[in-house]
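Novice: The following block contains a protein sequence and its predicted model.
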Amino acid sequence: MSQITVEPLTFSETSGVNFGAVVHNAIIEDLTDADFDTIRDALFTHQVLVFKNQGSTSPKAQYELTRRFDPAATSYGHGKTIDAKRSILHPDLKTIPHQPQVQVIGNGFVSEYEGLKDFRLKHPHHKTFHATTIPAEDDLDFTRFYRWHIDAALYGLAPPVATTLLAVKVPGGRRQICRYDDGTGDELEVPLGTTAFVSGYTMYDLLSEADKEFARTTKVEYAPHPYIWISNAKSRPDGLGLVSQGREIPLGDLPPIEEDKIQILPLCWRNPVTGKLALQVHPSPVRKLHLADGTVVDDLAEVRDIVRRLQRPGIAPRMVYAHDWEEGDFVLFHNRGVLHSVVGAFAEDEVRLFRQCNVAASFFPEGPRERVAVA
């Protein structure tokens with residue numbers, strides 16, 4: 001029997017966060033089958049799992065745990081996306097040479113780590129991606145959600161089941177105010193460099209009955225080569241989707257498009273343990289909506305407005321879990337049950353070093369009624 005115990009996170013009475021747990025008595029480097037069974041059930045129940053004091057975890061062990069949720073999966077979740085110079089993901093990730101499914105992310109100069117030498121990490125900053133920005137003089141006190149998303153190539157490869165993050169080096173002390181700047185006045189105090197999570201299940205539960213029916217019966221079509229397609233586009237100030245300014249790369253200017261790799265996925269994905277539905281949409285690369293009656297909504301501004309209307313209540317400040325990272329924290333999250341965002345603005349000398357791993361799944365998410373394959 002496994003000795004692992006799972007303790008749900010506790011929040012204030014005013015919080016709407018109802019997910020997350022801390023896992024005790026686990027060593028990622030040495031997990032038994034019984035340990036993994038406990039972790040698997042806990043992940044699908046709590047969505048975000050925090051393992052403390054796991055700094056000695058090797059990249060190999062990180063990959064093996066990540067892949068264990070889908071043993072048939074082998075490749076990095078974004079495939080060759082990070083190799084495309086025009087992709088918005090290209091500057092943010094560095095690959096560990098001896099474990100190519102594991103990426104290094106963070107901020108600042110690092111002389112040597114896991115076979116990488118003399119490299120500089122750059123924490124994503126909203127000024128490179130948002131249509132508007134916080135004034136430079138306020139940059140260290142205020143920040144924004146960079147981009148709410150799921151980890152997925154959304155072209156050819158199936159979305160990963162789980163993602164793991166390991167905090168190797170964390171600059172401490174400072175906190176920031178995360179501003180939504182979307183006319184609501186919403187803001188949230190966050191630790192420096194937090195990773196923010198929101199629940200797709202809560203996002204669905206907050207919908208009206210009519211919107212739940214719409215979400216259950218509608219599919220979203222993502223753009224081909226999505227992270228190149230949006231490489232010139234700009235985000236809304238709360239990081240939830242893009243502003244429609246006609247800046248998307250024309251399809252004819254993208255790399256060759258293979259029609260059978262274009263993905264049409266359900267808006268709602270079912271939890272394999274609880275059976276609950278999560279509203280799981282990556283709002284940035286959405287291109288079309290396929291309605292139950294066969295109608296295809298292809299006006300991009302309208303598509304984005306519909307998706308935003310469904311998702312925005314779920315990222316309200318009281319719904320956000322902003323993890324306060326400590327060195328050695330190993331976080332495992334259900335990539336098919338939560339959305340997450342990078343947050344924070346670092347000074348140049350503040351060094352942050354993390355490892356990230358996800359693997360493209362061997363199967364596509366199930367909708368409420370059927371399995372939906374690439375179309």
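Specialist: Thanks, I have the structure now. Numbering: from 1, shown residues only.

Novice: packing partners for the longest strand along the chain?
Specialist: The strand spanning the most residues in the chain, taking DSSP state E as the definition, is strand 99-113. If you count contacts as 3 or more CB pairs under 8 Å, 6 or more residues apart in numbering; DSSP states H and E, strand 99-113 packs onto helix 59-68, strand 94-96, strand 116-121, strand 162-169, strand 352-358. Where you see a C-beta, it was placed from the backbone N, CA and C, and this is true even at glycine.

Novice: for the longest one, the distance to its chain's centre please.
Specialist: To tie it back to what came earlier, the one meant is helix 59-68. Mean C-alpha position of helix 59-68 versus that of the full chain (CA atoms, centre = their mean, to the nearest Å) differs by 18 Å.

Novice: quick one: contacts of the helix or strand of the chain with the lowest mean pLDDT?
Specialist: Least confident helix or strand of the chain, by mean pLDDT, DSSP states H and E, is strand 94-96 with a mean of 92. By CB atoms under 8 Å, 6 or more residues apart in numbering, the surrounding residues in contact with strand 94-96 are 59, 76, 82, 102-105, 114-116, 119, 121, 355.

Novice: Dump the residues you listed to TSV, plus pLDDT, neighbour count and distance to Pro272.
Specialist: What follows is the contacts of strand 94-96, written out as TSV (pLDDT from 0 to 100; neighbours: other CB atoms under 10 Å; distance: CB to CB, whole Å):
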residue	pLDDT	neighbour count	distance to Pro272
Pro59	98	21	27
Tyr76	72	24	23
Ile82	49	18	28
Val102	96	22	25
Gln103	95	22	26
Val104	96	20	30
Ile105	95	18	28
Glu114	97	17	32
Gly115	95	11	36
Leu116	95	15	36
Phe119	93	12	38
Leu121	94	22	35
Arg355	98	24	26
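
Novice: Tyr180: which of those is nearest?
Specialist: Set against Tyr180, the nearest of the contacts of strand 94-96 by CB to CB is Ile105 (24.0 Å).

Novice: For the closest one, list each beta-bridge partner.
Specialist: Beta-bridge pairing of Ile105 under DSSP bridges involves Phe354.

Novice: Out of the contacts of strand 94-96, the closest to Ser231 would be?
Specialist: Distances from Ser231 to the contacts of strand 94-96, taken by CB to CB, are shortest for Ile82, at 13.1 Å.

Novice: tell me which residues in the longest strand of the chain are buried?
Specialist: Within strand 99-113, the residues that qualify as buried are Gln99, Gln101, Val102, Gln103, Val104, Ile105, Gly106, Asn107, Gly108, Val110, Tyr113, counting by 16 or more other CB atoms under 10 Å.

Novice: and which of those residues is nearest to Tyr227?
Specialist: Looking at the buried residues of strand 99-113 and their distance to Tyr227, the nearest is Gln103, at 14.6 Å (CB to CB).

Novice: For stretch 327-336, the averaged confidence score.
Specialist: Predicted confidence along stretch 327-336 averages 98 (mean pLDDT).

Novice: Repeat that for stretch 290-300.
Specialist: What stretch 290-300 shows for mean pLDDT is 98.

Novice: likewise stretch 309-316?
Specialist: Per-residue pLDDT over stretch 309-316 has a mean of 98.

Novice: buried residues in that stretch?
Specialist: Neighbour counts using 16+ other CB under 10 Å place Leu310, Gln311, Arg312, Gly314, Ile315, Ala316 of stretch 309-316 among the buried residues.

Novice: What is the distance between it and the centre of its chain?
Specialist: A distance of 16 Å separates the C-alpha centroid of stretch 309-316 from that of its chain, computed with CA atoms, centre = their mean.

Novice: Check what contacts it and list those residues.
Specialist: The set of residues external to stretch 309-316 that reach it, using CB under 8 Å, 6+ apart, is 16, 145, 148, 186, 198-200, 202-203, 206-207, 211, 214-215, 238, 240-241, 267, 279, 281, 283, 319, 339.

Novice: Could you rerun that using 10 Å?
Specialist: Residues outside stretch 309-316 that contact it (CB atoms under 10 Å, 6 or more residues apart in numbering): 16, 145, 148, 180, 182, 184, 186, 188, 196, 198-207, 211-212, 214-215, 218, 236, 238-241, 267, 278-281, 283, 319-320, 339, 341.

Novice: Also stretch 1-14?
Specialist: Outside stretch 1-14, the residues within contact range by CB under 10 Å, 6+ apart are 15, 17-27, 31-39, 41-43, 45-46, 48-51, 317-318, 321, 323.

Novice: Kindly give a single PyMOL line that selects the buried subset of these.
Specialist: Once 16+ other CB under 10 Å is used to decide burial, the buried members of the contacts of stretch 1-14 can be selected in PyMOL as follows:
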select buried, resi 17+18+19+20+21+23+26+31+35+36+38+39+42+43+45+46+48+49+50+51+317+321+323
